[in-house]
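Asker: could you look at this predicted model? Sequence included:
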Amino acid sequence: MFIDGRNVPDGTVVEAEIAIIGAGAAGISIARALRNADARVVLIESGGLDFEPDTQELYSGESVGIPYTLDTSRLRYFGGSTNHWGGWCRPLEPIDFEQRDWVPHSGWPITRADLDPYYVKANEICQVGPFVYDDPAAVSEDGKYQPLDLGREVMTRWFEYSPPTRFGATYRQDIEKASNIRTYLNSNVMEIVPNAEATKVERLRVGTLTGRRFEVRPQTVILATGGIENARMLLLSNSVEKAGLGNGRGLVGRYFMEHPHIERPCEIMVTDPSLVAPYYQTYTKSAGAHVRGVFMFTAEYLRKNRRLGTVMTFYKQKEVRTDIDVEEKDTEPSRDIEPGLAQLIRSTSSRASESPVLAVRYGTGCATEQAPNPDSRITLSTEKDSLGLNRTKIDWRLSSSDRANLRQNIEALARAFGAWGEGRVRIRLPDLDKWDEAEGWGNHHMGTTRMAADPRKGVVDANCKVHGVENLYVAGSSVFTTSSTVNPTLTIVALALRLADHVQTRFSRGV
Amino acid sequence: MSDAISRRQLLVLTGAGLAAAALPAALPLLDRERQTLADELIATLADPARAAEVGRQWMVSTERSGNTSTFAQKIAKRLRSHGWHPGDSSDVMRAAIGARVRDEFMHDDMVEIAGWQISRTEAELCALAAASLGTAPAEAEPAREG
C-alpha cells in the first residue's frame, strides 16, 4: 500500500515491526526481501513516484573541500539514485575486504565469501544475467576472443550491465501489493529519536514539505538513505546524543570516499586491432549478459607494490596511419611521432605493415580507489533546508599519495603492454604533487558510516547494526570500509539482502 | 710432411680459435665494423626515417647527444645477453632486440617521449637512426684545457 504522507493527519502514530528509511536500491531490496515476512514493514520515502524539484532541493548543501555537487549526484524519489544509475555491476575483489598494512584504516569485518551468495541474488535483482565476471571462457564466443595476455600485474576482468534496473519502476508493484508493507511517500524522517540512554530507537519524527508531522514507532529501524544522507540523518538525530546518534566516537560522516574518474589518463596504441576483443571496447552481448572487459590490477601486484586499485576502460579512438589525416583537428602535441612509434613496435614484434594503417590508438577512462581518510567527511552545515534541518556540508579530500598511486598503476599498465609486445602506452595524467580538484567522479558515496568490528574504528558492526544502538541498522555504501575500485550498486544490494536475512532471522527468533 | 698435426700444433690452433671467438667481446670494434653494426641495427627498423624523428625528439627532450658508434655499441652490448653475436643473421638480431625490449618493459626500464613509454633500447635504436641520418642534435665539442 502506498500512502501520501501529505494526507496523514498531524500527530498520527504508525506502529510497525520494521521501518526502512529510504526507498533506493538498498531500501527497496530489503523491503522486497521482507514482503512475505510475518512483520509489519513501513517504508518511508522523502520523494514521490517522480522527480520533484522541491524535494530534490533538500539535497543541496555546502562543499568546502574538493568541489563536489551534492544535489545532482543523487536523486530523491521512489527508486532513489537508481533512477539515474548507469548499470555497471561487478563484485568487489577479495583483497578489497582485507586489512592491507599499506592502506591505513582498511579491513572489513566480513570477507568476500560472506557476500558471495548475496552477490548471486543481487545479480538477479539488478537483472544482470549469469554471474560470469571472472570467466574468460564464458565470454570467449567459443574461443574466438581471448583477453590480452598482460602478464602478472594487469588482468582483464568483466563488468556486467544492468538494463539499468530502475528499482522504483521495476519493483513498485512488488512493494505496493505486499500486504505487510506500507510505503509512505513524500515523507521525510526528520529525526531518529532514541531512548534517554541513546541505546535504542523509540520513534521516527516524520514531516512533509506541506507541514504535516507524524511519528513512526518501529521495533527495528533500517536507515537506507544513501552514502551521504545516512551520515547526515545520524548527525541530525541529536536531541539525546548531541554529537548525533551512534556518534559517540565522532566517526559518523568521516572517511567519505568517492571513485575519482579521469578521462583519458593514458592512451594505448595496439598494432593489430583484431587482437582486441570487442568486449573491451563497448557493451558486448556474451554468455547471456552484456559485458565489458576492463583492466584491473592483480592482487599479487597490489600486495607486492603496496598499491590501491584502479579500473581502466578502453575504447577505440583513431587509426594511426602513414598518410597524414588532414581532417584531424587534434590539439594534442606530438601526434606526428605516432606513425614512427607504431613502426617501431612493428620492428620488434611483428612484420612491417603493407597498408597505411599501422596501428590503432585507444582512449581510456579510469576509476581509482582512494585511501580512507578521516578528514574527508560529511558534517552539518549551519544552513537550513525547507524542513528546518541543517544541510549537508561535504569536505571531500584526496591525497597526493592517491594520485601517485594512480600514476604508478598507469606505469604498470605501460610495462604490461610493452612486455606483451604489440602495444605501447602514453601517459597523459599530469604528475602533480597534490590532488585538490577532481576531473570527475562516479556519484559513488562511500564510507561515512563505515563497518568495523571494533566500535572505536567504525559506526556499524559486521551485521550493519550501529554500535551501541540495539535496533538501528544502516544499509548502503556508507557502510563500506574501503571503496574498492568498482561501482558500488551490486554490493549495496548484496549487503542489503544480507541485512534483510539478518533482521528476518532475529525476528524469527523473537529477538 | 705428414698431414697429421702434432698435439702441440693442435693446442696452439685451438687456443687461437678460442681467442678469435672471444675477440668481439674483448676488443673494441674497428670503425668499419661499427658502421656495419649500425647499418644492421638500423635495417631492423620498419621505417628508419620515422624512427629517426622519434629519436631526434627524445634526444632533444632529454638534452642527449651521441653518434652512431656510441649508440650501436650500447645496443650491441645489451643484445649479447639475449643470444646475439656479431655476424649473426638479421633474424637473430631482430629476435634479440624483441626479447631485449620486452625484458626492459618487464624491468621498468622505460623512457618517455611525449608521454609515450618506450623501452630504453627502442629509444636508442631511434637515436641511432637519427644520428645515422644526421638529424640528431649535434654533439657538444669537448671542453679544451688551457
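Answerer: Received the coordinates, thanks.

Asker: quick one: contacts of stretch A:281-295?
Answerer: Here stretch A:281-295 makes contact (CB atoms under 8 Å, 6 or more residues apart in numbering or on different chains) with A:88, A:128-130, A:132, A:135, A:138-139, A:141, A:147, A:150, A:154-161, A:277-280, A:311-316, A:362, A:413. Just so you know, the C-beta spots here come from the backbone N, C-alpha and C atoms, and that holds for glycine as well.

Asker: actually stretch B:53-73, not the one I typed
Answerer: A:334, A:336-337, A:340-341, A:344, B:29, B:31, B:34-35, B:37-38, B:41, B:111, B:113-114, B:123-132, B:135-140.

Asker: now stretch B:104-113
Answerer: Taking CB under 8 Å, 6+ apart as the rule, stretch B:104-113 contacts A:151, A:334, A:337, A:341, A:411, A:414-419, A:427, B:54, B:57-58, B:61-62, B:117-121, B:123.

Asker: among those residues, which are in helices?
Answerer: Secondary structure from DSSP state H places A:341, A:411, A:414-419, B:54, B:57-58, B:61, B:120-121, B:123 of the contacts of stretch B:104-113 in helices.

Asker: picking up where we left off before, could you tell me which of the contacts of stretch A:281-295 count as buried?
Answerer: Among these, the ones that count as buried by 16 or more other CB atoms under 10 Å in any protein chain shown are A:88, A:128-129, A:132, A:138-139, A:147, A:150, A:154-161, A:277-280, A:311-314, A:362, A:413.

Asker: okay, the nearest residue to residue A:321 once chain neighbours are set aside: pLDDT?
Answerer: Distance criterion CB to CB, 6 or more residues apart in numbering or on different chains; nearest residue to residue A:321, sequence neighbours excluded, is residue A:356 at 4.7 Å. The per-residue pLDDT reported for residue A:356 equals 83.

Asker: can you check the one 4 residues further on too?
Answerer: We note a pLDDT of 95 for residue A:360 in this prediction.

Asker: measure the residue nearest to it when sequence neighbours are not counted to residue A:113 for me?
Answerer: Nearest non-adjacent residue to residue A:360, counting by CB to CB, 6+ apart: residue A:273, 4.5 Å away. Computed as CB to CB, to the nearest Å, the residue A:273 to residue A:113 distance reads 39 Å.

Asker: also residue A:360?
Answerer: For residue A:360, the distance to residue A:113 - CB to CB - is 40 Å.

Asker: neighbour-wise, which of the two wins?
Answerer: residue A:360 (21 against 9; other CB atoms under 10 Å in any protein chain shown).

Asker: ok so, going back, the ones in helices among the contacts of stretch B:104-113, buried ones only, as a PyMOL selection?
Answerer: Buried subset of the ones in helices among the contacts of stretch B:104-113, written as a PyMOL selection, criterion 16+ other CB under 10 Å:
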select buried, (chain A and resi 341+411+414+415+416+417+418+419) or (chain B and resi 54+57+58+120+121+123)
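
Asker: show me what residue A:191 bridges to in the sheet.
Answerer: Assessed by DSSP bridges, residue A:191 has beta-bridge partners residue A:205.

Asker: now do residue A:261
Answerer: residue A:367, residue A:440.

Asker: picking up where we left off before, now, of the contacts of stretch B:53-73, which are buried?
Answerer: A:337, A:340-341, A:344, B:29, B:34, B:37-38, B:41, B:111, B:113-114, B:123-132, B:136.

Asker: identify those among those that sit within helices.
Answerer: Those of these lying in helices (DSSP H): A:340-341, A:344, B:34, B:37-38, B:41, B:123-132.

Asker: neighbours of the residue of the stretch 51-200 of chain A found nearest chain B, how many?
Answerer: Going by CB to the nearest CB, chain B is nearest to residue A:151 of the stretch 51-200 of chain A, at 7.4 Å. A count of nearby residues for residue A:151, using other CB under 10 Å, gives 19.

Asker: once you drop chain neighbours, what's closest to it?
Answerer: residue A:416 (5.2 Å).

Asker: got the contact list for that neighbour?
Answerer: A:150-151, A:153-154, B:105.

Asker: any chance of the residues you listed in a markdown table, with pLDDT and distance to residue A:183 too?
Answerer: Output for the contacts of residue A:416, formatted as a markdown table (pLDDT from 0 to 100; distance: CB to CB, whole Å):
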| residue | pLDDT | distance to residue A:183 |
| --- | --- | --- |
| A:150 | 97 | 48 |
| A:151 | 96 | 52 |
| A:153 | 98 | 49 |
| A:154 | 98 | 46 |
| B:105 | 98 | 58 |
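
Asker: could you chop chain A up by domain?
Answerer: Split into domains by automatic domain parsing, chain A comes to A:1-60+A:74-127+A:166-250+A:450-511, A:129-161+A:261-369+A:399-435.

Asker: tell me which of those lies nearest to residue B:47.
Answerer: Proximity to residue B:47, assessed across the domains of chain A by CB to CB, is greatest for domain A:129-161+A:261-369+A:399-435 (3.9 Å).

Asker: how long is the closest one end to end?
Answerer: 38 Å (CA to CA, to the nearest Å).

Asker: for chain B, see how far away the closest residue to residue A:447 other than its chain neighbours is.
Answerer: Closest residue to residue A:447 apart from its sequence neighbours, by CB to CB, 6+ apart: residue A:255 at 3.9 Å. Residue A:255 sits 33 Å away from chain B, going by CB to the nearest CB, to the nearest Å.

Asker: what does the stretch 101-250 of chain A put close to chain B?
Answerer: residue A:151 (CB under 8 Å from any CB of the partner chain).

Asker: the stretch 101-250 of chain A: helices as residue ranges?
Answerer: For the stretch 101-250 of chain A, helices defined by DSSP state H, counting those that start in this stretch occupy the ranges A:112-125, A:167-177, A:229-236.

Asker: format those helices as TSV; extra columns: mean pLDDT.
Answerer: Output for the helices of the stretch 101-250 of chain A, formatted as TSV (pLDDT from 0 to 100):
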stretch	mean pLDDT
helix A:112-125	98
helix A:167-177	98
helix A:229-236	98
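
Asker: show me the shaky parts of the chain.
Answerer: Here I'm looking at chain A. Within chain A, the ranges that satisfy pLDDT under 70 run A:324-334, A:350-352, A:511.

Asker: can you look at chain B instead?
Answerer: B:1-31, B:140-146.

Asker: one more pass at 80, please.
Answerer: Applying pLDDT under 80 to chain B flags the ranges B:1-34, B:138-146.

Asker: so how far is residue B:101 from residue A:243?
Answerer: Residue A:243 is 60 Å from residue B:101, by CB to CB.

Asker: more neighbours, those two?
Answerer: Each of residue A:243 and residue B:101 has its neighbours counted (other CB under 10 Å); residue B:101 has more, 27 against 13.

Asker: ok, back up a step: so what's the residue of the stretch 51-200 of chain A closest to chain B up against?
Answerer: Contacts of residue A:151 were listed using CB under 8 Å, 6+ apart, and they are A:415-416, A:419-420, B:106.

Asker: which one of those is nearest residue A:233?
Answerer: The closest of these to residue A:233 turns out to be residue A:416 (CB to CB; 44.1 Å).

Asker: start and end of stretch A:281-297, how far apart?
Answerer: Using CA to CA, the end-to-end distance of stretch A:281-297 comes out at 19 Å.

Asker: in that stretch, what counts as buried?
Answerer: A:281, A:284, A:286-287, A:289-297.

Asker: residue numbers of chain B in contact with chain A?
Answerer: Looking at chain A, the residues of chain B close enough under CB under 8 Å from any CB are B:44-47, B:50-51, B:53-54, B:57, B:94, B:97-98, B:101-102, B:104-106, B:108, B:110, B:112-119, B:122, B:125-126.

Asker: and the residues you listed, which of them are buried?
Answerer: For the residues of chain B next to chain A, buried by 16+ other CB under 10 Å: B:44-47, B:50-51, B:53-54, B:57, B:94, B:97-98, B:101-102, B:104-106, B:110, B:113-119, B:122, B:125-126.
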